[in-house]
Structures are given as C-alpha cells and as structure tokens.
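S.K.: From the sequence below, what's the structure:
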Amino acid sequence: MRWDVFTWAALALVLFAAETMAPGAFMLWLGFAAVVVFLGVLLIPGIPLLAQAAAFIVLSFISIQVYRKWFRGRERQSDQPALNRRAAALVGRVVPLERGIVQGHGRVQIADAYWDVAGPDLPTGATVRIVGAEGMTLQVEAV
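M.R.: So this is what the prediction gives:
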C-alpha cells in the first residue's frame, strides 16, 4: 500500500474518532474532506503532496460551509428554549419582594434561591413581575 493512501485513510479515521470524543460537528466535516482526498489519491496515483494538501484544505472549507448553510439552520428547536438559562426561565413570574427595592436594588426568594432584583423602589412584601434579566440580576416591575 502506498504511504499517501494510508495517511489519508488514517487521518480520516482519526478525525472521525475525534468527533466522537468531542462532538461538535466540526471534525466530522474535516473527516469527510479527508475521505474525498483518500479516494482521489487511491484512484489517481501520483498526485503531488502539495496538491493533496491543497485539495484537503479546499474540501474542508467547502464541507464546513455546506454544514453551516444547509444543516446547521435545520436543527430542531427546543420545546424549552430557556432550560439552561435559569434567569430567563423566570421571566413572567409574579413574586413578593423578600427585601424591598431601595435605590433600585432589592431581593426576592424563588423556591429555595434568593435573587437580586432591579426596578423601581418598592417596600418589602410588594408583588412584582419579573420582566427580564441581566446576568444574575432580575429586572422587575410593580404589579
């Protein structure tokens, strides 16, 4: 077996294995490019090494663009888009103030967690609606 054929086959397998270890759909497309170069070198002997490398780079770029254009935008949308964004998941809830809002800052308790809030000055116990979040600070308005 020729060394260039073996090298491209091994590179394709390594890239596919790397994709399984750290999934992200990036190495997969580089692996596809390596497979195409492998097939080209297998079927057409004598391709210079520089041309092989250039073909791999061009095919990698093309395959990643194909992924970005046709496959990335077609991913399923989550039925719970705020699942891992806890502050965003709280938007719309109505809760009482645990500590009144003084000079724009206060605190609420939601379940077993305390959250800093920002909004208009209100006394302790006033009911507020969560309207947004900036980092870990909830934006509230009086109900």
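S.K.: Buried residues, the one helix or strand residue 52 maps to. List them.
M.R.: Under the criterion DSSP states H and E, the helix or strand holding residue 52 is helix 49-66. In terms of neighbour count (16 or more other CB atoms under 10 Å), helix 49-66 has its buried residues at 52, 55, 56, 59, 60, 63, 64. Where you see a C-beta, it was placed from the backbone N, CA and C, and this is true even at glycine.
S.K.: same thing with stretch 99-116?
M.R.: Using 16+ other CB under 10 Å as the test for burial, stretch 99-116 gives 101, 106, 108, 115.
S.K.: How about the secondary structure of the second one?
M.R.: Reduced to three states with DSSP: H, G, I helix; E, B strand; the rest coil, the structure at residue 106 is strand.
S.K.: Contact partners for it?
M.R.: With contacts taken as CB atoms under 8 Å, 6 or more residues apart in numbering, residue 106 has the following neighbours: 97, 98, 99, 100, 116, 117, 118, 119, 122, 140.
S.K.: Assign the last one to helix, strand or coil.
M.R.: Classification of residue 140 using three-state DSSP returns strand.
S.K.: try the fourth one
M.R.: Remark: residue 100 carries the secondary structure label strand [criterion: three-state DSSP].
S.K.: what's the distance between it and residue 90?
M.R.: 19 Å (CB to CB, to the nearest Å).
S.K.: so what does the one helix or strand residue 5 maps to touch, helix or strand wise?
M.R.: Counting by DSSP H and E, the secondary-structure element that holds residue 5 is helix 3-21. Based on contacts counted as 3 or more CB pairs under 8 Å, 6 or more residues apart in numbering; DSSP states H and E, the elements that helix 3-21 packs against are helix 27-43, helix 49-66.
S.K.: What's the first helix or strand after the last one?
M.R.: So that's helix 49-66. Stepping forward along the backbone from helix 49-66, the first helix or strand reached (DSSP H and E) is helix 86-89.
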